[in-house]
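> give me coordinates for this.
(one chain, ligands or ions: 1)
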Amino acid sequence: MLLRFRSCRRASPLKRAARAPGDGGLCSSRVNDAAVHAAPAHVAQPLHAETLARFVDRLPIPSTLAPDGMRPDPVDPRSSLPYYRIAMRQIDQRVHRDLPPSTFWSYGGHVPGPTLETRSEQAFLVEWVNELPADHFLPIDHTLHGAHADQPRVRAVVHVHGAKVPPESDGHPEAWITPGQSAVYRYPNRQDAAMLWYHDHTMGIERLNQYAGLFGALFVRDAVEDRLGLPKGPHEIPLVLCDRIFRADGQLEYPTSGDPETPWVPEVYGDTTLVNGVLFPYLEVEPVVYRFRVLNASNARLFYLSRSDRGALYRIGSDQGLLPAPVPATTVTLAPAERADVLVDFRSAAGRTLVLRNQVAELLQFRVASRAERASAAIPTRLRSVERMPEGIAVKTRTLTLREYQDAKRRRMLMLLDGKYWRDPVSEQPTLGAVEIWSFVNLTEDTHPIHLHLVRFQILDRQLFDADEFLTSGKMILIGQRLPPDGGEAGWKDTVRVDPGTVTRIIARFDGYAGAYVWHCHLLEHAANEMMRPFEVVQPT
Ligand SMILES: [Cu+2]
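Numbering: from 1, shown residues only. Modelled structure (predicted):
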């Protein structure tokens, strides 16, 4: 628990100061606490979400998309693959009974987008079609890399987060398309059952495109999962969570710095949370065991989820699939982009209501019927074997800093991975098939969820260190024990919380495909302002 929260040990601003590489000026320290819910002061007419009637809208369940037929497989034209056509469009969608419809950008006409579902090894094609309007409705910062004024204002590219795909279908941030264009991606789906998700990844405006609504879920199924008899059909429910700021007229507000030349802000925290696109929804459930597939699709907020009766949430899976065994917990922590696969047993709550909370904020009400129409699924004792990767098989360890600088030219803060900008030469070039340890040294006061494309990994451990000493002298003084990952993160992961003042180590095998990928912080405002780097998987020589 200790590591989840901001370290109490704060350095003086000057001690934390650093010059941005190739830049000048001193850093000023700042506190930007994810727990603060307040909307920014300069929203002209903010919606006071706390005044909205609660639990008056039914929880929408995103529909599962049927393929638009079959198409020849570009890899093997003798066979054919399911083909989906998914258009990005501007829509109006009501987020609450008492609000006028809000403008969003959607995949397939709804936020979240439709759910895609496949079996492990069953490849499919998606034609992602940009039918967005000619102008963006959120504030573009033209000083950010890739978003300069000479670039089209409306650009989009889709990344399936957690998918093991060849580079040409990975949704590289610079592979964007403009309105009227489309791109066909092939997803091999050679991976374990898991909840993946698709979202926009466009260089310089990803945070705006996702905030506008461009995200949806993808489920991979497999035989191991089938054998467990987990709740399914109406008893398996995706919960896509994202915090947002709304104006009183129901329209999305994306905060700015106040400087029209450089509107970028370091993080966006909404004062209210959409659950499957609705504020304060309710869900009618039977008194049986349900399976919730929870995704944090926020730009920056971490969720600390619990039941209002403090009952158990049984975590059965993390980002990349099932855990070895269920892990009961009262709180489930989810950083942006992380997923939790959670069983909730409503059998002892028949005839009552319960609320899913984020800390003290109410998100979703469960109305538990007094009688079940069907028998409940059981909570399994064993799930899937997850063999731990021994450190000894790693051929390389990379130590990579997460560090805050001051961008003197722009008079704003800047966070860099390993002190490098996006445009710097590729420095992480793992060999195809090789195992590496990546050791993230967090010198900032934020938790950064670090995501690697292409690979799944395991968290080895986290250890506190003396960040002030490191910043002053460059000396690494580790403190205390190496702490193993929480039970809920003990399976396969694709995003890891790197907490402040820690060295967080992961181990990954870079198998699958050679080529150009990216790794980045999944706080989207950080990623947009240089906290993203290329990596390249290279063929063995
Ligand atoms: Cu970050």
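> report the closest residue of the stretch 351-500 of the chain relative to the ion.
Taking CB to the ion, the ion has its nearest neighbour within the stretch 351-500 of the chain at residue 448, 3.4 Å off. Heads up, the C-betas are built off the backbone N, CA and C, glycines and all.
> how much space separates the residue nearest to that residue when sequence neighbours are not counted from the ion?
The shortest distance from residue 448 to any non-neighbouring residue, by CB to CB, 6 or more residues apart in numbering, is to residue 521 (4.5 Å). Going from residue 521 to the ion by CB to the ion, to the nearest Å gives 3 Å.
> coming back round to it: show me what contacts the residue of the stretch 351-500 of the chain closest to the ion?
402, 415, 440, 442, 497-498, 521-523, 526, 531 (CB atoms under 8 Å, 6 or more residues apart in numbering).
> likewise for residue 524?
Taking CB under 8 Å, 6+ apart as the criterion, residue 524 is in contact with 206-207, 210-211, 268, 299-300, 336.
> try it again with 10 Å
199-201, 205-211, 267-268, 298-300, 336-337, 531 (CB atoms under 10 Å, 6 or more residues apart in numbering).
> now a ChimeraX select for only the buried ones of these.
Buried residues within these, by 16 or more other CB atoms under 10 Å, are selected in ChimeraX with:
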select :199,200,201,205,206,207,208,209,210,211,267,268,298,299,300,336,337,531
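> restrict the contacts of residue 524 to those near the ion?
Residues of those in contact with the ion (CB under 5 Å from the ion): residue 531.
> is it true that the residue nearest to residue 448 touches residue 415?
Yes - with contact defined as CB atoms under 10 Å, residue 521 counts as touching residue 415 (7.2 Å).
> joint contacts of the two?
Common neighbours of residue 521 and residue 415 (CB under 10 Å, 6+ apart) are 402, 444, 446, 448, 527, 529-531.
> what residues does residue 432 make contact with?
509-515, 537-540.
> from these, list just the buried residues.
Burial by neighbour count, judged by 16+ other CB under 10 Å, picks out 509-515, 537 from those.
> just those: which are in strands?
509, 515, 537 (DSSP state E).
> let me have the contacts of residue 448 in CSV, extended by secondary structure.
Compiled in CSV, these are given as follows (DSSP: H, G, I helix; E, B strand; the rest coil):
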residue, secondary structure
402, strand
415, strand
440, strand
442, strand
497, strand
498, strand
521, strand
522, coil
523, coil
526, helix
531, coil
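> element containing the spatially most central residue of the chain?
In the chain, the residue lying closest to the centroid (CA atoms, centre = their mean) is residue 337, at 1.2 Å. Using DSSP states H and E, residue 337 sits in no helix or strand.
> least confident pick among the contacts of residue 448?
Minimum pLDDT for the contacts of residue 448 is recorded at residue 415 (94).
> one step back: the residue nearest to the centre of the chain reaches residue 301, doesn't it?
No - counting by CB under 10 Å, residue 337 does not reach residue 301; the two are 11.5 Å apart.
> was I right about residue 195 contacting residue 217?
Yes - between residue 195 and residue 217 a contact is recorded at 6.2 Å, counting by CB under 10 Å.
> against residue 185, how distant is residue 400?
From residue 400 across to residue 185, the span is 29 Å (CB to CB, to the nearest Å).
> what about residue 396, how many neighbours?
A total of 13 residues lie near residue 396 under the criterion other CB atoms under 10 Å.
> dig out what it forms beta bridges with.
On the basis of DSSP bridges, residue 396 is bridged to residue 436.
> still on that earlier bit, now, which of the ones in strands among the buried ones among the contacts of residue 432 sits nearest residue 80?
residue 515 (25.3 Å; CB to CB).
> tell me the contacts of residue 70?
Here residue 70 is in contact with 79-83, 124-125 (CB under 10 Å, 6+ apart).
> what does residue 307 give?
Residue 307 makes contact with 313, 330-332, 344, 349, 354-357, 366, according to CB under 10 Å, 6+ apart.
> Serialize the shared contacts of residue 521 and residue 415 to JSON lines and add fields for secondary structure.
What follows is the shared contacts of residue 521 and residue 415, written out as JSON lines (three-state DSSP):
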{"residue": "402", "secondary structure": "strand"}
{"residue": "444", "secondary structure": "coil"}
{"residue": "446", "secondary structure": "coil"}
{"residue": "448", "secondary structure": "strand"}
{"residue": "527", "secondary structure": "helix"}
{"residue": "529", "secondary structure": "coil"}
{"residue": "530", "secondary structure": "coil"}
{"residue": "531", "secondary structure": "coil"}
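> any chance of the residues you listed in JSON lines, plus distance to residue 93?
Shown next, in JSON lines, are the shared contacts of residue 521 and residue 415 (distance: CB to CB, whole Å):
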{"residue": "402", "distance to residue 93": "36"}
{"residue": "444", "distance to residue 93": "36"}
{"residue": "446", "distance to residue 93": "31"}
{"residue": "448", "distance to residue 93": "31"}
{"residue": "527", "distance to residue 93": "26"}
{"residue": "529", "distance to residue 93": "29"}
{"residue": "530", "distance to residue 93": "33"}
{"residue": "531", "distance to residue 93": "30"}
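> select only the buried ones of those residues in PyMOL?
Burial among the shared contacts of residue 521 and residue 415 is assessed by 16+ other CB under 10 Å; the matching PyMOL selection reads:
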select buried, resi 402+444+446+448+527+529+530+531
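> between the shared contacts of residue 521 and residue 415, which sits nearest residue 62?
Closest approach between the shared contacts of residue 521 and residue 415 and residue 62, by CB to CB: residue 527, at 24.7 Å.
> residue contacts, the residue nearest to the closest one when sequence neighbours are not counted?
Nearest residue to residue 527, sequence neighbours excluded (CB to CB, 6+ apart): residue 520, at 4.6 Å. Residue 520 is in contact with 173, 201, 206, 337, 417, 422, 448-453, 526-528, 530-534, counting by CB under 10 Å, 6+ apart.
> among those residues, which are in helices?
Cross-referencing those against helices under DSSP state H gives 206, 526-528.
> related to what we said a few turns ago, among the ones in strands among the buried ones among the contacts of residue 432, which one lies nearest to residue 476?
residue 509 (26.3 Å).
> now the closest one, which residues is it bridged with?
residue 435.
> distance of it from the ion?
From residue 509 to the ion the distance is 25 Å (CB to the ion).
> state the distance from that residue to residue 491.
Distance from residue 509 to residue 491, by CB to CB: 15 Å.
> up against the ion, what does the protein have?
448, 521, 523, 526, 531.
> check what pLDDT the first one gets.
If you check residue 448, the pLDDT there is 98.
> dig out what it forms beta bridges with.
residue 498.
> for it, give its distance to residue 415.
For residue 448, the distance to residue 415 - CB to CB - is 8 Å.
> what about the closest residue to residue 122 other than its chain neighbours, neighbour count?
Nearest residue to residue 122 in three dimensions, chain neighbours excluded: residue 189, at 5.8 Å (CB to CB, 6+ apart). Close neighbours of residue 189, defined as other CB under 10 Å, add up to 22.
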